[in-house]
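Asks: what would the 3D arrangement of this be:
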Amino acid sequence: MNIIIHPTYFPSITHFVAMVQADDVVFEVHDNFLKQTYRNRTHIYGANGRQTLNIPVVHSQKNRQKYKDVKIFNEAQWQSNHWKSLLSAYRTSPFFEFYEDDIQPLFHQKTNYILDFNLKCFEVICDCLQLHLNVSESQSFEKTIEDKIDYRYLVNAKKEQPQPFESYTQVFSNKHGFISNLNILDLLFNEGPNSLIYLESQTIRPL
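Replies: Numbers count the residues shown, from 1 in each chain. The predicted structure follows:
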């Protein structure tokens, strides 16, 4: 099974289930950047429930801007704010200390472009999961994909579809219950080495 999918900011569980179960993964890198997508946002489980983290970007005056050309607005202190949010949410999780040294540098080294940063995050997570995927990048934008499963719709935050994922223990589940399909860090910090087994056992509800 071959798929095409967007690289996103710490991809969701759905994104990783799709990638883990694919033979070949193609990252879409030639599309236009759109607002309100997971290209620059992600969800974690904070003390008050589902929490959104947004990376600020520099919007061009032009109507359309390629995803690969969009710059991060690094004048905002988003990295320190996001790291503080992750500490607050996951410091007491079973495996946070185990992966902390891998994740923390992402929030201390500046990256200019959002696509480059998302690819860095993906590489770090794959190392943490000890996951080896056959990944390539798209060569041009094609609206219709014939030879791969098209998972590019998963990037759209407004059209997200509930997924029937099994529950696992989360830090604040005694307060708010299980919250499904957060970003991959939620699974990693709570399940550690079992994360890959979990991802391989789940199924995605089709669009």
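
Asks: alpha carbons only: can I get the lengthiest helix in the chain in CSV?
Replies: In the chain, assigned by DSSP state H, the helix with the most residues is helix 114-129. Presented in CSV, the C-alpha positions along helix 114-129 are these (Å, rounded to 0.1, in the frame of the first residue of the first chain):
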residue,chain,number,x,y,z
ILE,A,114,7.5,25.5,8.6
LEU,A,115,7.9,22.5,6.2
ASP,A,116,11.5,22.0,7.3
PHE,A,117,10.5,22.2,10.9
ASN,A,118,7.7,19.6,10.4
LEU,A,119,10.1,17.3,8.7
LYS,A,120,12.6,17.6,11.6
CYS,A,121,9.8,16.7,14.1
PHE,A,122,8.9,13.7,12.0
GLU,A,123,12.5,12.5,11.9
VAL,A,124,12.9,12.8,15.7
ILE,A,125,9.6,10.9,16.3
CYS,A,126,10.6,8.1,14.0
ASP,A,127,13.9,7.8,15.9
CYS,A,128,12.0,7.7,19.2
LEU,A,129,9.6,5.0,17.8
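
Asks: for it, buried residues please.
Replies: Of all the residues in helix 114-129, those buried under the rule 16 or more other CB atoms under 10 Å are Ile114, Leu115, Phe117, Asn118, Leu119, Cys121, Phe122, Val124, Ile125, Cys126, Cys128, Leu129. C-beta coordinates here come from the backbone N, C-alpha and C atoms, glycine included.

Asks: tabulate those residues (CSV), appending pLDDT.
Replies: CSV is the format used below for these (pLDDT from 0 to 100):
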residue, pLDDT
Ile114, 97
Leu115, 97
Phe117, 98
Asn118, 98
Leu119, 98
Cys121, 98
Phe122, 98
Val124, 98
Ile125, 98
Cys126, 97
Cys128, 97
Leu129, 97
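
Asks: tabulate those residues (CSV), appending distance to Phe98.
Replies: What follows is the buried residues of helix 114-129, written out as CSV (distance: CB to CB, whole Å):
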residue, distance to Phe98
Ile114, 28
Leu115, 28
Phe117, 23
Asn118, 23
Leu119, 23
Cys121, 18
Phe122, 19
Val124, 14
Ile125, 14
Cys126, 16
Cys128, 9
Leu129, 12
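
Asks: looking at these, which is nearest Tyr9?
Replies: Comparing those against Tyr9 with CB to CB places Asn118 closest, at 5.5 Å.

Asks: if you count contacts, what does the longest helix of the chain end up packed against?
Replies: For helix 114-129, the elements it packs on are strand 71-72, helix 96-103, helix 184-191, judged by 3 or more CB pairs under 8 Å, 6 or more residues apart in numbering; DSSP states H and E.

Asks: could I get the ones you listed as a markdown table with mean pLDDT, distance to Glu137 and mean neighbour count?
Replies: Below are the helices and strands packed on helix 114-129 laid out as a markdown table (pLDDT from 0 to 100; distance: least, CB to CB, whole Å; neighbours: other CB atoms under 10 Å):
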| stretch | mean pLDDT | distance to Glu137 | mean neighbour count |
| --- | --- | --- | --- |
| strand 71-72 | 96 | 19 | 18 |
| helix 96-103 | 97 | 23 | 15 |
| helix 184-191 | 98 | 20 | 24 |
